[in-house]
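>>> 3D, please:
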Amino acid sequence: MIKNDFLSEIKYAGLTSRLKRLSDLLLYSTKDFYKSVGVDIEPNWHLIFLLLKEHEALNIKEISDRVQLSHPAIIKILNNMKQKGYVVAKTDDIDSRKQILTLSAKAYDALPLLEEYWEACIQTMKEVLEDSPEFLTALGSIEQKFKESSYKDRTLRNLKTN
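Below is the predicted model:
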């Protein structure tokens with residue numbers, strides 16, 4: 001624990017802010033890493049790269065469902081990837097309201113190098129978590145509990161019991 005870290009001192013009351021702080025630290029450090037190696041992608045794009053590499057073509061809803069991020073969040077990521085030339089969208093032949101997304105030739109050309117970088121990122125996370133081997137399991141358990149009953153619902157229930 002960091003000395004004089006108020007968020008750590010207040011324990012559960014600081015958990016949300018500590019998770020945000022950790023998320024920001026990882027996000028900005030990953031952006032800095034990509035910049036240092038001359039890659040023009042954003043940290044959350046790798047999810048889309050990997051998903052479209054595996055499935056070749058998906059619509060926005062399928063991507064949103066698979067990564068469990070909101071529809072607007074996925075649209076924002078995809079628009080940025082399209083702007084940089086990594087994703088191609090075409091209208092679905094059956095339902096013209098849907099866009100079918102695929103990786104572009106530029107994306108496929110970049111994948112070998114990107115996958116090398118992502119493997120280094122995975123190794124970094126393994127190093128950081130080597131003293132916490134159950135972290136991912138615990139994180140999954142927390143996520144599952146909030147799927148079963150939201151933070152809001154749990155907090156309202158706790159408010160009524162006090």
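>>> Run the chain-centre distance for stretch 42-53.
In this view, stretch 42-53 has its centroid 9 Å away from the chain centroid, taken as Cα atoms, centre = their mean, to the nearest Å.
>>> any idea of the pLDDT on I94?
We have a pLDDT of 88 for I94.
>>> How about the contacts made by V88?
By Cβ atoms under 8 Å, 6 or more residues apart in numbering, the contact set of V88 is K82, L101, T102, L103, S104. Where C-beta positions appear, they are placed from N, C-alpha and C, glycine not excepted.
>>> and what of V87?
So V87 contacts I48, L52, L78, M81, L101, T102, L103, S104, A107 (Cβ under 8 Å, 6+ apart).
>>> Test my guess that the third one contacts I60.
What that stands for is L78. Yes. At 6.9 Å, L78 counts as touching I60 under the criterion of Cβ atoms under 8 Å.
>>> before we move on, the earlier item: which of the contacts of V88 count as buried?
Taking 16 or more other Cβ atoms under 10 Å as the criterion, what is buried in the contacts of V88 is L101, T102, L103, S104.
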